[in-house]
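Student: return atomic coordinates for the entry below.
(one chain, ligands or ions: 1)
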Amino acid sequence: MHATRVLVLNSGSSSVKYQLLDMRDADRLAVGLVERIGEQTSRLKHTCLATGSTRERHGPIADHDTALKAVAEELAKDGLGLDSPELAAIGHRVVHGGMFFTEPTVIDDEVLTEIERLIPVAPLHNPANLTGIRTAMALRPDLPQVAVFDTAFHTTMPEHAARYAIDPAIADRFRVRRYGFHGTSHAYVSRATAALLGKAPEEVNVIVLHLGNGASASAVRGGRCVDTSMGLTPLEGLVMGTRSGDLDPAVIFHLHRVAGMSMDEIDTLLNKRSGLFGLCGDNDMREIQRRMDEGDQRARLAFEIYIHRLKKYIGAYYAVLGRVDAVAFTAGIGENAAFVREAAIAGLEGLGLEVDGERNAVRGGGARLISPEGARVAVAVVPTDEELEIAARTYELVGNRTENG
Ligand code: ADP
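Tutor: Numbers count the residues shown, from 1 in each chain. This is a model prediction of the structure:
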């Protein structure tokens, strides 16, 4: 039997998200989530899309090994078990691939060692990704496992965009440079935007705005990333749900020396208690909109800071690209918050950027234009699909192997 299914695993420190897809038609067979791994209140939620049935398990799930075994059991109940000959591969999301991994890669011992070597630059993410990979390999040692890196799409950035203006000897020794993240999404959305315009990716220049809880912008020239807003870590760039994005690095010295905060406290402040949440106490854009409608000034100021930063990046990447064919909004806020899209583009008519109110107000649906008919630059909403991208790249890599036996 020809194996056409791919299981996509996204292993976080205390969660595992998964999707099983059939790559003949990119059909989603099952999706699910295990959360609060290692706590007493762990939960597994599994949905089989073929039957439309959802099951939940509550109670302690001690570790990733137990979590993945529970996922395998749930899949097996729907006849989709990991031992099925139809399973071609497992695709893993890996956050940090450094400069080493420029493409999705079939995992072997050498690859595991390299992902491990990158832990100092991704201390929160890579250990969890590795645990997920090792657990899956133990369950199906014979099956190809593929790592798809969040950083890979950005490895095409030229040196002048990837380097910070610091001593290169120090930068190189400690691997300090701009890596960028959300690459799987930027790759998928920039290609889907070209398709929406009826062009090949090589023909178009696109600014992608990935606005979820984490947020990043990228400048994509002819299908290749030439700049992105996240840097050494996902802290740089846009204002996010709980992260500050860009600030003067001296803020950190100041908070340490003058406010007496420890490095760990500043890390937590900037990553977990800043951004929209730090500014107004909410990081959900729906709540911020509701509060603004009621005249709440803190929510209004948080929104204005968010939009101001977004506009600056649109302008910067316009200048980097020289010619822009499309600006694409994606992820939770980009896909759903029409008022954010409207505010981000407002006043940019001089750059050929405009939003049509009626088109922008349409909810749901796939990739769509929201700029007026005949606009010089297309403005679009392009839903991202990182799991499909991981599955497609994984299948691309192992499909032939499977066919050749
Ligand atoms: P993550 O980065 O966690 O993957 P998502 O891309 O799912 O995040 O985006 C989550 C965010 O999207 C939420 O915090 C919320 O601010 C925003 N969001 C989701 N739905 C809407 C909506 N209908 N209107 C406005 N904002 C929304």
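Student: where does the chain have low pLDDT?
Tutor: 1, 400-405 (pLDDT under 70).
Student: do that again at 50, thanks
Tutor: Low-confidence segments of the chain (pLDDT under 50): 402-405.
Student: so which residue of it comes closest to the ligand?
Tutor: Of the residues in the chain, the one nearest the ligand is G332, at a distance of 2.0 Å by Cβ to the nearest ligand atom. C-beta: built from backbone N, CA, C; applies to glycine.
Student: if I look at that residue, how far off is M99?
Tutor: 30 Å (Cβ to Cβ, to the nearest Å).
Student: the two: who's more crowded?
Tutor: G332 (18 against 13; other Cβ atoms under 10 Å).
Student: that one should be in a helix, yeah?
Tutor: Yes: assessed by DSSP: H, G, I helix; E, B strand; the rest coil, G332 belongs to a helix.
Student: now it, nearest residue through space, not along the chain?
Tutor: G212 (4.5 Å; Cβ to Cβ, 6 or more residues apart in numbering).
Student: residues in contact with N360?
Tutor: 338, 341-342, 370 (Cβ atoms under 8 Å, 6 or more residues apart in numbering).
Student: and those as TSV, adding secondary structure and neighbour count?
Tutor: Output for the contacts of N360, formatted as TSV (DSSP: H, G, I helix; E, B strand; the rest coil; neighbours: other Cβ atoms under 10 Å):
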residue	secondary structure	neighbour count
A338	helix	19
R341	helix	24
E342	helix	16
I370	coil	24
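Student: can you redo the residues you listed as CSV with distance to the ligand?
Tutor: Shown next, in CSV, are those (distance: Cβ to the nearest ligand atom, whole Å):
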residue, distance to the ligand
A338, 8
R341, 10
E342, 12
I370, 15
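Student: closest to G315 among those?
Tutor: R341 (16.1 Å; Cβ to Cβ).
Student: so that closest one makes contact with T330?
Tutor: No: checked against Cβ atoms under 8 Å, the pair R341 and T330 is beyond contact range at 10.7 Å.
Student: now do the shared contacts for those two.
Tutor: Common neighbours of R341 and T330 (criterion: Cβ under 8 Å, 6+ apart): V381.
Student: enumerate the residues of this structure near the ligand.
Tutor: Residues of the chain lying close to the ligand (Cβ under 6 Å from any ligand atom) are 212-214, 241, 283-286, 331-333, 336-337.
Student: in helices, which of those appear?
Tutor: 285-286, 331-333, 336 (DSSP state H).
Student: farthest-separated two in those?
Tutor: Pairwise over these, using Cβ to Cβ, the maximum falls at R286 and A331, 14.2 Å.
Student: looking at these two, which one has more neighbours?
Tutor: Neighbour count, other Cβ under 10 Å: between R286 and A331, A331 has more, with 23 against 12.
Student: chain neighbours aside, what residue packs nearest to the more buried one?
Tutor: G212 (3.5 Å).
Student: for the biggest helix by length in the chain, buried residues please.
Tutor: Longest helix of the chain, by residue count under DSSP H: helix 297-321. Buried residues in helix 297-321, defined by neighbour count with 16 or more other Cβ atoms under 10 Å: 299, 302-303, 305-307, 309-311, 313-314, 317-318, 320-321.
Student: and if you look at stretch 353-370?
Tutor: 353-356, 359-360, 367, 369-370.
Student: again, but for stretch 133-147
Tutor: 133-137, 139-140, 143-147.
Student: how far off centre is that stretch?
Tutor: Distance, stretch centre to chain centre, for stretch 133-147: 23 Å (Cα atoms, centre = their mean, to the nearest Å).
Student: residues contacting the residue nearest to G332?
Tutor: With the criterion set at Cβ under 8 Å, 6+ apart, G212 makes contact with 241, 331-334.
Student: before we move on, what about G12?
Tutor: By Cβ under 8 Å, 6+ apart, the contact set of G12 is 125, 128.
Student: what about the helices in the stretch 51-200 of the chain?
Tutor: 64-77, 109-117, 126-139, 159-162, 168-173, 183-196 (DSSP state H, counting those that start in this stretch).
Student: in this structure, which residue is closest to the centre?
Tutor: A centroid search over the chain (Cα atoms, centre = their mean) returns H182, at 3.3 Å, as the residue closest to the centre.
Student: hmm, it is touching L211, no?
Tutor: No: in this structure, H182 is not within contact of L211 by Cβ under 8 Å, at 10.3 Å.
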